[in-house]
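*Asks:* This is the structure alone, sequence omitted:
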C-alpha cells in the first residue's frame, strides 16, 4: 500500500518537474523572441521618426511654395471661389425638372422667338485667374536650389545635419 | 476539563515514575518508557499542544488561501494578470515632438550615431586620422589626430553621422573607433518659426522659446506638445512680412495672427530670423543692428502709435461721456509746456470733426480732445484692464515688460491718446485689439492649442454696444480712412487701424529720418471678427511704390491684406458681398452726423 502511494508521488514529482522545466524553457525562448521584437520595434520607431521628419521637411510650406512657383502655373485660390455649404443650391426635384422641361418645350413650340444656343455665363477674368497665370513663365530657378537634393535614404534631413557639424 | 494521561516518549527519567505495572522486557526501546505526567509538567505539555494546534491551523489556512488562489487563476483566469503582461516594448526615451495645431511636426528628434574614439584599442593613430580626414574633408587631419591621441580614453570625433557616413566609417575597419547612439533635434520648418520654437543644444536641453520653457515636459518624452500655431498661416505671414521688409529696405519686421475668440496665436513672425539647427551660425549683429534671436512679438516693447486710438476711442465711448456723434476741435494744435501736438502734414482736419471722422483720418489733435473728456485716471484704469501695463503671461521665456508713465499725468494721457509714451509687446496689443473687436471680452494670449469646446478665461473690458461701434469705426479706416489704398480685401470685411510711431532713440528722444515703426492691425470678418492680423515694419524706407510714404497704411497694410486674402480660402471662410443691405446696415456709420460740438477746455 505504502509503496503504491510512494510510487504515485514520485511519478507525480517527475511529471511536475518535467513540466516546470519545459515551461521554463518555453518562457526563456519567448522572452528572447520578445526582446528581438522589441528591438525591431524600436528600430522601426526610429525609422518612422526619421521618415516623418523627412516627410515634414519635404512638406514644408515654404518648399512647396517655391516648387509651385517654379513648376506649376497654379495660383492660390481666389476668395470668390470659396462658397459656404448653405450657398450651394439643392438638386432640383423630379417635379421641378419636369416643370422646367415643360416650360422649355412650350416656348420652343410657340417658336416666336428664335431659340438662342445656351451660352455659358460669361466668367469675368480676374487678373489672378488661372487663365492669365497659365501664360506666365515659371520663375527662374534660384542658384541655391538648382542642384538635385541628396539621394541618401534619409537624405535631406541628415544632409542638413551634416552641414551643421 | 477531563483528566487524561499523556503519552510521552522520553529518554532517561523525568518526573515521577508511575505506580503502574512494570513494563515487559520485550519492549524495544529500553530507555523510552510511557509515562503519565500530571501536575506542572502536564500543564506545560498541554500548552505546547495547544500552540502546535494553533500554528498548524494557521499554516493550513495559509495553504488553503494559496490553493484557492491557484484554483481561481487556473480555472477562472484573472484580467488583472493579463493586463500586466507588457504588450508594447518600451521605446527608448526621446525628446517629445512639438506639433502645430493640425499635427504637423515643428520639432522632432531622430536617432543618429556619433563617432567615438576609444584610445585603448588604438593601433595607429596617424593612419586612422588620415583615413577619417579623407572621409570628412571639413575636419582637419590635425584635429582628428589630436583627439585620437588625447588623454581621455573616449573622445567624440564627430557627432550625428548620416547612415551613409556610418557605413563608410565601418568599411574602414579602424578598431579604435565605435558608434554611440545619439539623438538629434530636427526642425522641419527651419527659420520660419525659429524664435518661437527656440532650439535645443547638442545635449538636447531646450535653450530658448518653447523648447526652453517646456524643457522638462519635452524631456520626459511621454506626449507631444501641440501648439496653437497653424504652419500654413505661419508660412503666409512670414512670406508677406519678409517681402515688405525687402521692398522697403527695412531693418526688420514682425507679424502676428490671433484667433479673437480664444486668444490662440495662430502665427508669429519676427525678422530677421535664424536657423534653429545652427543657432550659433549667424554672425553677431552690430550694436545698431537687430538680433536674429530676438522675438519682436513677445520680447520687444514698442510705442504703437495711432493703433492706440482704438483704445482711446473705445474708452471714451464706453465711459458714456463721449458719443460717436460728438464733434471735437481737430484743427488747432495743442500746446502743452514746450510740446506741440499736431497732425501729419496734409492730413489736418478743417475744424470741428466727429469722433468717427477723427478716427478715420487718425487725427492726433482730435484724439487728445476726446480723451480729455475722461481724464488720466480712467485711461490708466482702462489700459490696466486691457492688460497693457502688466508683463503678460505667455508660454515662452522671452517676455518683454511694458513701459508706461508713473505717475500717469495729463501730459502722458495726451500722448497715450495717440500711442506714444506707452510701450507694449505686439502680443499684448493684438490681444487688446481682439477684445475691442470681438464683443468686448479679453482672452489671455496663448501658444498652446486649446482643446475643442474649451471655454477660455475671459474678462469683459467694454460693452457689446461699444464693441459694435468700434467695429464700424475700424471698418471705416479700411473703406475710407488711412488704410483705404491697401487694407481692403474684396470679399472679406476687413477692419483695422494703422499706426506709424517714431521710434525712441537710445538717448530717449525721437526724430531721425526713416526711423518709424509702421504697423497695421486688421480684423476680419468685421461682422463677427474671427481673426486679427498684425504686421509691423521696422524703419521702412519709402519708395516709388508707396509714393514715398513710410506710414502703416502704405507699408504694413498691403501685407496684412495679402495675408488675409491668402488665409481666408485656406480656412474656408466664404466671401460676402460688402454692398448687400444686411452688411451695409451692420457696418454703416455716419462721419458727418448731427451732434453736439464740444469745445476744448
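*Replies:* Cool, got the structure. Keep in mind it's a predicted model, so treat the numbers as computed, not measured. Numbering: from 1, shown residues only, chains lettered A, B, ... in the order given.
*Asks:* Next, count neighbours for the residue in the stretch 251-400 of chain B that chain A sits nearest to.
*Replies:* Residue nearest to chain A within the stretch 251-400 of chain B (CB to the nearest CB): residue B:278, separated by 4.6 Å. The C-beta positions use only the backbone N, C-alpha and C, and glycine is treated the same way. Using other CB atoms under 10 Å in any protein chain shown, residue B:278 is surrounded by 14 other residues.
*Asks:* quick check: longest helix of the chain.
*Replies:* Here I'm looking at chain A. helix A:2-58 (DSSP state H).
*Asks:* was after chain B, sorry
*Replies:* helix B:40-71.
*Asks:* element containing the residue of the stretch 251-400 of chain B closest to chain A, please.
*Replies:* Assigned by DSSP states H and E, residue B:278 falls within no helix or strand.
*Asks:* what's the next helix or strand after the longest helix of chain A packed up against?
*Replies:* Tracing the chain past helix A:2-58, the next element assigned as helix or strand by DSSP H and E is helix A:61-71. Packing partners of helix A:61-71 (3 or more CB pairs under 8 Å, 6 or more residues apart in numbering or on different chains; DSSP states H and E): helix B:231-247.
*Asks:* Centre of the chain to the helix it packs on, how far?
*Replies:* Offset of helix B:231-247 from its chain centre (CA atoms, centre = their mean, to the nearest Å): 20 Å.
*Asks:* Let me see the ranges of the helices in the stretch 351-500 of chain B.
*Replies:* In the stretch 351-500 of chain B, the helices defined using DSSP state H, counting those that start in this stretch lie at B:355-361, B:364-371, B:376-385, B:410-417, B:426-437, B:464-480.
*Asks:* which one of those lies closest to residue B:116?
*Replies:* helix B:426-437 (44.3 Å; CB to CB).
*Asks:* got the angle between that closest one and helix B:464-480?
*Replies:* Counting by axes from the mean of the first three to the mean of the last three CA atoms, to 10 degrees, helix B:426-437 lies at 110 degrees to helix B:464-480.
*Asks:* for helix B:426-437, which positions count as buried?
*Replies:* Neighbour-count burial for helix B:426-437 flags B:426-437 (criterion: 16 or more other CB atoms under 10 Å in any protein chain shown).
*Asks:* Serialize the helices of the stretch 351-500 of chain B to a markdown table and add fields for mean pLDDT and distance to residue B:307.
*Replies:* Output for the helices of the stretch 351-500 of chain B, formatted as a markdown table (pLDDT from 0 to 100; distance: least, CB to CB, whole Å):
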| stretch | mean pLDDT | distance to residue B:307 |
| --- | --- | --- |
| helix B:355-361 | 90 | 12 |
| helix B:364-371 | 91 | 12 |
| helix B:376-385 | 94 | 13 |
| helix B:410-417 | 91 | 12 |
| helix B:426-437 | 95 | 7 |
| helix B:464-480 | 92 | 10 |
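*Asks:* Using a markdown table, lay out these together with distance to residue B:334.
*Replies:* Formatted as a markdown table, those follow (distance: least, CB to CB, whole Å):
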| stretch | distance to residue B:334 |
| --- | --- |
| helix B:355-361 | 13 |
| helix B:364-371 | 6 |
| helix B:376-385 | 15 |
| helix B:410-417 | 7 |
| helix B:426-437 | 25 |
| helix B:464-480 | 22 |
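*Asks:* nearest to residue B:201, of these?
*Replies:* helix B:426-437 (26.3 Å).
*Asks:* residues in contact with residue B:367?
*Replies:* Residues near residue B:367 by CB atoms under 8 Å, 6 or more residues apart in numbering or on different chains: B:309, B:312-313, B:358, B:417-418.
*Asks:* Recalculate using a threshold of 6 Å.
*Replies:* Contacts for residue B:367 (CB atoms under 6 Å, 6 or more residues apart in numbering or on different chains) come out as B:309, B:312, B:417-418.
*Asks:* helices and strands of chain B: which one bottoms out on pLDDT?
*Replies:* Sorting the helices and strands of chain B by mean pLDDT, DSSP states H and E puts strand B:8-9 at the bottom, at a mean of 50.
*Asks:* Could you chop chain B up by domain?
*Replies:* When chain B is parsed with automatic domain parsing, its domains come out as B:1-85, B:98-226, B:235-272+B:294-449+B:465-591.
*Asks:* Which stretch among those is buried most, on average?
*Replies:* Using mean count of other CB atoms under 10 Å in any protein chain shown, the stretch among those with the largest mean neighbour count is domain B:235-272+B:294-449+B:465-591, at a mean of 21.
*Asks:* how distant is that one from the center of its chain?
*Replies:* With CA atoms, centre = their mean, you get 24 Å for domain B:235-272+B:294-449+B:465-591.
*Asks:* And that domain, end to end?
*Replies:* Terminal residues of domain B:235-272+B:294-449+B:465-591 are spaced 38 Å apart (CA to CA, to the nearest Å).
*Asks:* and if you look at stretch B:406-424?
*Replies:* One end of stretch B:406-424 to the other measures 15 Å (CA to CA).
*Asks:* low-scoring stretches of the chain, by residue?
*Replies:* Assuming you mean chain A. A:1, A:107-165 (pLDDT under 70).
*Asks:* actually chain B
*Replies:* Within chain B, the segments meeting pLDDT under 70 span B:1-37, B:77-93, B:345-348, B:505-514.
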